[in-house]
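[1] Sequence and predicted model, in that order:
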Amino acid sequence: YSGCIAENRARLALDAGAEMIGWDVSALGLPASDQPFVAGRFTQSIELPGRWLERGTVRGDAPALLDSPLGWAGHRTLATLWFAAGSAIAAPRREALLDAARAACDAHPLSATAGATAVDPGVIVVRVLAPRVEPAMALLVAIWRAWRPLAWQLEASPPRVWRT
C-alpha cells in the first residue's frame, strides 16, 4: 500500500540433487480501491548464494522506474517464478523447461510483458509484469502446471492451500 516501508527477502539453499519451484509476486498499491503506490518504499532480495542474486528497491515517490518501458512499464505487479536446482540442470532438460515456460507465456494475454531465461545453469527465471495480481498468477500457475510433469513426472495438482 502507499506509504509502506516494506522489505521482502528470500535466501534459498539447495543441496546437490535438490530442486524446487518457487515464486514471488509483488503488487504495489491497492488497485481495486483506486489507491496508487505514490509514497513509501519496497525492497526485495531473492538469492541462491553464488548463483542468483536479485535485489531492487522501488520508491513510490520516484515513478521513473515504475513508468519507464525499461522498468515496470506502467504496471504495478511484478511476478517472479523460478526453477532452481542444487547443481546444474542438464542442458536438454533446461531447454525443455525454458521452452515450456516460453510457450505458456506466448499463449497468455501477458505475453508482451513476460519472459523466461536461464540465469545460471541451475536456475530458470520467469518474469511477468501485469496491471494486477490475478493475471500474473494465472500465468505462473500455467507454467507451474507445465513444469511439474516435465521436471519430475508428477501430476500438477494444486495444493489445498491455494483454495483457501
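    Happy to help now that I have it. All figures in this text were calculated on a predicted structure; none of them were measured in a lab.
[2] Every contact and neighbour count from this point should use C-alpha atoms.
    Noted.
[3] quick one: buried residues of the longest helix anywhere in the chain?
    Longest helix in the chain by number of residues (criterion: DSSP state H): helix 133-152. For helix 133-152, the neighbour count (16 or more other C-alpha atoms under 10 Å) marks 133, 135-137, 139-148, 150 as buried.
[4] how far out from the middle of the chain is that helix?
    11 Å (C-alpha atoms, centre = their mean, to the nearest Å).
[5] got it, and stretch 129-146?
    Worked out by C-alpha atoms, centre = their mean, stretch 129-146 lies 9 Å from the chain centre.
[6] what does it rub up against?
    With C-alpha atoms under 8 Å, 6 or more residues apart in numbering as the test, stretch 129-146 has contacts from 21, 23, 25, 27, 31, 72, 74-79, 81, 100-101, 104-105, 108, 110, 113-114, 128, 156.
[7] are any of those buried, and which?
    23, 25, 27, 72, 74-79, 81, 100-101, 104-105, 108, 110, 113-114, 128.
[8] For the residue sitting nearest the centre point of the chain, give its distance to residue 140.
    Residue closest to the average C-alpha location in the chain (C-alpha atoms, centre = their mean): residue 80, at 0.7 Å. Distance of residue 80 to residue 140, computed by C-alpha to C-alpha, to the nearest Å: 8 Å.
[9] In this protein, what residue spans correspond to helices?
    Going by DSSP H, the chain shows helices at 64-67, 91-106, 133-152.
[10] Just want the angle from the longest one to helix 91-106.
    Okay, so that is helix 133-152. 160 degrees (axes from the mean of the first three to the mean of the last three C-alpha atoms, to 10 degrees).
[11] worst-scoring helix or strand of the protein, pLDDT-wise?
    The helix or strand of the chain with the lowest confidence, counting by mean pLDDT, DSSP states H and E, is helix 64-67 at a mean of 87.
[12] Work out the gap between that one and the centre of the chain.
    On C-alpha atoms, centre = their mean, the centre of helix 64-67 falls 19 Å from that of its chain.
[13] List the buried residues of it.
    Here helix 64-67 shows 64, 65, 66 as buried, counting by 16+ other C-alpha under 10 Å.
[14] Just give me the closest of those residues to residue 163.
    Distances from residue 163 to the buried residues of helix 64-67, taken as C-alpha to C-alpha, are shortest for residue 66 (31.3 Å).
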